[in-house]
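Participant: Need coordinates for the below:
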Amino acid sequence: MKAIFYLKTCDTCRKIIKSLPNIEGFTLREIKTEPITVKELEEMHRLAGSYEALFSRKATLYKERGMKDMTLNEADYKTYILEHYTFLSRPVIVDGDKIFVGNSKAVVAEAIAHLS
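Facilitator: Predicted coordinates:
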């Protein structure tokens, strides 16, 4: 799979995508209008090593639901990510067997180096 999962209303996602070299051939997936599938999430899980690694604790719903006081397991993370796009840490860049999750400077630098 060669795909970038992002949110079009996220300025950070748009800025990161613009900074990525050589993304011709990648599918750009706007996760609000075209939600990720179970199969796609399971592939991301395989590459990332856990659903927790794909989960965003910055999501407004995370705070609104008081989830920081909850004990979540892998099944919970998977369920929440599939339930609402905002729980997926973004962007998620998948290039074959490599995955880059989130918008930290280190992850973005790694993705740029990999794609260069």
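Participant: for the helix or strand of the chain with the lowest mean pLDDT, packing partners?
Facilitator: Ranked by mean pLDDT, DSSP states H and E, the weakest helix or strand in the chain is helix 60-64, scoring a mean of 88. For helix 60-64, there is no helix or strand it packs on, judged by 3 or more C-beta pairs under 8 Å, 6 or more residues apart in numbering; DSSP states H and E. From N, CA and C alone the C-beta is placed, and that goes for glycine too.
Participant: hmm, what's the outermost residue in this structure?
Facilitator: Going by C-alpha atoms, centre = their mean, the residue of the chain most distant from its centre is Asp69, 22.9 Å out.
Participant: backbone phi and psi for that one, please?
Facilitator: Phi and psi for Asp69, reported as degrees, to the nearest 10, are phi -90, psi 0.
Participant: go on, Glu34?
Facilitator: Torsion angles, degrees, to the nearest 10, at Glu34: phi -130, psi 80.
Participant: To what extent is it buried, counted in neighbours?
Facilitator: The tally of other residues near Glu34 (other C-beta atoms under 10 Å) stands at 12.
Participant: swap in Cys10?
Facilitator: 17.
Participant: how about Ile81, what does it touch?
Facilitator: Neighbour list for Ile81: 36, 41, 51, 54-55, 87-88 [criterion: C-beta atoms under 8 Å, 6 or more residues apart in numbering].
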